[in-house]
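Peer 1: only geometry, no sequence info:
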């Protein structure tokens, strides 16, 4: 990877990553995230991991992010107004993250890993190499992944599908549970909903 | 490596059979549940139990096998894996028993509920049997994702939704740390298999900043999962909001799974390099115990109180981890077993008192319980005493072993802190007893009928708690043989290294 | 030619930005996006470190991580939907039935 | 070094121009073709100074579709609705068109030719992982449509955008399964290699085209491809009877023209990919490196350049035939209902694709032993 290409891509990645956390509108955040993912995919390809780079673009940028878009639309999440308060918490968060980055950067600076150290073979990063590894050394992990996806499907459907229709007209468990603990949080909640309706 | 050669892979089915049985069980429950309404999901629970029983049977042949690995080191075959798998299966079984009436009462989606329970157990078993970091990671994710959903399965209840959300955000956050830690460890050692990593840690690369930073991030990741301070923020809210059987499963099962991997990585494989990490662990252990116990003092909700108590107990386990070595390892394994039964029992009582979609989890709800439900109250006393560490119950023996291991390893101050904490904890455990026995109850207490599932869950927990406490010998023997068999992996690999070198 | 450690440094920076996003932002969807950013940074680290070692393992792990990210995104967004149904907000500060 | 760069640039420009001309041609096909099918005259008004009529030629509507319409579109007012996200509203059409155009870069339009000592592969860019590249660019193509719908601040647009992205994501799966089957059959991800291995004949007469090995994958890719291009019978995202005009309701002028271009470029893309995967790409039946060898054993020698040119011509004929097929389908079938669309994708195409994959794998393993 040449210096100018690295500089360009790294700047793009950093700017778009910052965009993810600085944009007020979730759709804009998402666009920034997609750019970050695509730039990362280009990095993968530049580092010789061609197959993974394309997979990143197909699955991560092309499919998972669409899911985010759907949910943002489904819930009609608007841009936030200026967030109030929590300045202490925010600056603490930013400081903690900055400290972490500084430490990792220091480590990166000390790690002796020049690019010329190892010349990868022509098969490096091809789909055949990956497949051979997946179906031999990583067989268990591969099978575990399939189960993981099944769990995610079952879980997502269980949570997001429509509520089953209640048979009895008894008070909803939600209301009952809140009053049972004596925390009467439901009253303002109810009035807020009534006001909005 | 470029040429696919399945013959070169050491495929061994035996260690996988329990995992496969649980996975098949989860799918069968899911399919069987297609036409079952949420109001009569009890049959699904029995199917799940049957599969758990079968899995338990298939775990037995694994006991006593000489330590080895399969699938190119991805799966470890040893008593350690078998020990944790059996404990996890028992935990899952008690949880299912606890849920047989609870799930329809709270209108949980039965098929999804039981199948996710089994999947979560599968993830835990995978973590216990894993021999490399990526399988541990995938096991952890399978477990976590299933439990994220389980804790939010009471969909009409805002508290349950909130619990799922908080658990998910912080859980996924910690996953990021764990993953980055794995990346650093991989970068430092060129492997994700535990044996070679341990060798690298003990060898010339041991002081590499990359490796140490990786270990630090792994510590953070596991710290979140076992709810060690300062990574515990999610615990009380999630425990309070989740359906009670799920809370029990979280308090016990997740701890078992996470500690199985945590202990295997740090205590077993990196034990020789304990100087790198046990100072940090000392601090975390002390903080965890103290915070957990002190905050538990002021809780008004029994599930929150038990949540902080679970944090405190994670602290005791970390005391054992800090001590490192074979004695401490066995003690910690034993402690986890004792903790499992005791906590399952306590949560069973909590679940037994909740009826028909009504949560009764404020400590105030336990007023006069001794009069209205003397049996449940007595059981609760037993479990709370065991959690406090009163002889001759399981909790006492567990603490005894762990603390003496810490003393033997020379951690006098840590042991003193731990003992002081135990004394503090007595206050809040016993205050529940006081509430149950010495205060007036409501005029019309809620009737709780003895139902078979709940009775079985309570009985199993009681038997476990008492048996382990009264007659700890065989269980301690099992724990120590489990830990030794895990240790022998590292000896084999270091011997191989010597031969090669 | 750029040393691989630069790429690794970039991944560390991206990871930090992700961490910062989770800690600072209160919109639950953006928090999940920040977590995705963290996983993505870990992926970049895997590929960069794998390249400097000349080993394929790093890339195979990225394959698994992408799967895990998909699973987490699906479940996380399902949770967001279920909480939104009862609460009609995506602001984490309003999830305060129980203390944080 | 310099000459290589130059060759690359020329190839890129040539491919781009070919695609743009193809889309224009398709626009004309669509308008006059639909008129033909529906037994009406179609575009016939505009002409240059009445020249055609004066010479007694029938008006083919070429001026209308190729000159008047584009000029009209590009000079219309560019209207941005109130409350729209201006930046994304502007960006979306290009975000939709760009991925489609760059996909053509990996499509081989002919075999390698040697000109003045330089071996030139008639493919704008050869990546070795072409098939993955195609899937990646198609995957990214969702965002232009989706964002166009969202940024318009119009509920019909948003519904159209949601429908479009759900549809494209769903059919991408079927598409991927079809491509995987093809890749397995030919054992390579490179489109040029796939074309090359479709040369020659079986049984002495049947061309070794992919369609004869993977007929199921061909039909799947045809269906999934048409769904990806969001055209009838899969044009739910712009169903005018329900959604006004779907995701581009709020677009006018040149931005709408870009969306329309995307539509036709996608038609061309599907045709080009199907040609490459299943119809031998630039292969001409019985044509080999040094000329025709017909089944009867007749040999008809041809020079190298002639063979190359025949290849390019055959590629374009196949592409045009497939384009016309898609246009024909558009004017023949009614629109699906949304649930039918989803059911067809998930419950028919995906299972069939998986079965096809398993069957392919079995055959490959059995043939290997």
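Peer 2: Good, I have the coordinates. Note that the coordinates shown come from a computational prediction; the quantities given were computed from them, not determined experimentally.

Peer 1: So out of everything in the stretch 201-350 of chain D, what residue is nearest chain C?
Peer 2: In the stretch 201-350 of chain D, the residue found nearest to chain C is residue D:346; the distance is 15.7 Å by Cβ to the nearest Cβ. (Glycine included, C-beta is placed from N, CA and C.)

Peer 1: quick one: residue B:69 is in a strand?
Peer 2: Yes: Residue B:69: assigned to a strand according to DSSP: H, G, I helix; E, B strand; the rest coil.

Peer 1: does the residue positioned nearest the centre of chain D sit in a helix, a strand or a coil?
Peer 2: Nearest to the mean C-alpha position of chain D, counting by Cα atoms, centre = their mean, stands residue D:269 at 1.7 Å. Three-state call for residue D:269 (three-state DSSP): helix.

Peer 1: quick one: pLDDT of it?
Peer 2: At residue D:269, the model reports a pLDDT of 91.

Peer 1: Residue D:103 is in contact with that one, correct?
Peer 2: Yes: look at residue D:269 against residue D:103 with Cβ atoms under 8 Å: they come within range, at 5.7 Å.

Peer 1: and after the lengthiest helix in chain B, which helix or strand comes next?
Peer 2: Within chain B, and with DSSP state H defining each element, the longest helix by residue count is helix B:158-189. Following helix B:158-189 in sequence order, the next helix or strand is helix B:194-202 (DSSP states H and E).

Peer 1: roughly how far apart are residue C:35 and residue B:168?
Peer 2: Distance of residue C:35 to residue B:168, given as Cβ to Cβ, to the nearest Å: 9 Å.

Peer 1: Compare those two (neighbour count), which wins?
Peer 2: Neighbours per residue, other Cβ atoms under 10 Å in any protein chain shown: of residue C:35 and residue B:168, the larger number sits with residue B:168, 31 against 26.

Peer 1: where does the residue lying closest to that one once chain neighbours are set aside land on pLDDT?
Peer 2: The spatially closest residue to residue B:168, leaving aside those adjacent along the chain, is residue B:148, at 4.6 Å (Cβ to Cβ, 6 or more residues apart in numbering or on different chains). Predicted confidence (pLDDT) at residue B:148: the value is 93.

Peer 1: Am I right that residue B:148 sits in a helix?
Peer 2: Yes: according to three-state DSSP, the state of residue B:148 is that of a helix.

Peer 1: my read: it touches residue C:79, true?
Peer 2: Yes: counting by Cβ under 8 Å, residue B:148 sits close enough to residue C:79 to count as a contact (6.6 Å).

Peer 1: what's the overlap in contacts for these two?
Peer 2: Taking Cβ atoms under 8 Å, 6 or more residues apart in numbering or on different chains as the contact criterion, the common neighbours of residue B:148 and residue C:79 are B:164, B:168.

Peer 1: ok so, going back, how many other residues sit next to the residue of the stretch 201-350 of chain D closest to chain C?
Peer 2: Around residue D:346 there are 14 residues (other Cβ under 10 Å).

Peer 1: Quick one: residues contacting the closest residue to it other than its chain neighbours.
Peer 2: Nearest residue to residue D:346, sequence neighbours excluded (Cβ to Cβ, 6+ apart): residue D:170, at 6.2 Å. For residue D:170, the residues meeting the contact criterion (Cβ under 8 Å, 6+ apart) are D:227, D:342, D:345-346.

Peer 1: repeat for residue B:101
Peer 2: Applying Cβ under 8 Å, 6+ apart, the residues contacting residue B:101 are B:42, B:451, B:453-454.

Peer 1: Just confirm residue B:185 contacts residue B:212, I think it does.
Peer 2: No: between residue B:185 and residue B:212 there is no contact under Cβ under 8 Å: 9.7 Å.

Peer 1: Let me see the ranges of the strands in chain A.
Peer 2: In order along the chain, chain A carries no strands (DSSP state E).

Peer 1: can you give me the helices for it?
Peer 2: A:3-22, A:26-46, A:50-55, A:65-75, A:87-110, A:127-134, A:139-160, A:173-180, A:186-196.

Peer 1: quick check, nearest of the contacts of residue D:170 to chain A?
Peer 2: Using Cβ to the nearest Cβ, residue D:346 is the member of the contacts of residue D:170 that sits closest to chain A, with 12.5 Å.

Peer 1: in a helix, that's where the closest one is, yeah?
Peer 2: Yes: the assignment for residue D:346 (three-state DSSP) places it in a helix.

Peer 1: Let me know the pLDDT of it.
Peer 2: 89.

Peer 1: again, but for residue A:84
Peer 2: pLDDT, residue A:84: 51.

Peer 1: now residue D:119
Peer 2: In this prediction, residue D:119 carries a pLDDT score of 75.

Peer 1: hmm, back to that, quick check: of the contacts of residue D:170, which has the highest neighbour count?
Peer 2: Highest neighbour count within the contacts of residue D:170: residue D:227, with 26 neighbours (other Cβ under 10 Å).

Peer 1: For it, what is the enclosing helix or strand?
Peer 2: Residue D:227 is located in helix D:215-228, with elements delineated by DSSP H and E.

Peer 1: Count the residues that sit near the closest residue to chain B within the stretch 201-350 of chain D.
Peer 2: Shortest the stretch 201-350 of chain D-to-chain B distance, computed as Cβ to the nearest Cβ: residue-wise this is residue D:347, at 15.9 Å. Using other Cβ under 10 Å, residue D:347 has 10 neighbouring residues.

Peer 1: Now the common contact residues for residue C:35 and residue B:168.
Peer 2: Joint contacts of residue C:35 and residue B:168 (Cβ under 8 Å, 6+ apart) are residue C:76.

Peer 1: residue boundaries of the helices in chain C?
Peer 2: Using DSSP H, helices in chain C cover C:4-24, C:28-53, C:57-87.

Peer 1: Out of the ones you listed, which is the most enclosed?
Peer 2: helix C:28-53 (a mean of 27; mean count of other Cβ atoms under 10 Å in any protein chain shown).

Peer 1: quick check, it touching chain D?
Peer 2: No: applying Cβ under 8 Å from any Cβ of the partner chain, one finds that helix C:28-53 is not in contact with chain D, the shortest distance being 14.5 Å.

Peer 1: for that helix, packing partners?
Peer 2: Applying 3 or more Cβ pairs under 8 Å, 6 or more residues apart in numbering or on different chains; DSSP states H and E, one finds that helix C:28-53 makes contact with helix A:3-22, helix A:26-46, helix A:65-75, helix B:158-189, helix C:4-24, helix C:57-87.

Peer 1: No more questions from me, cheers.
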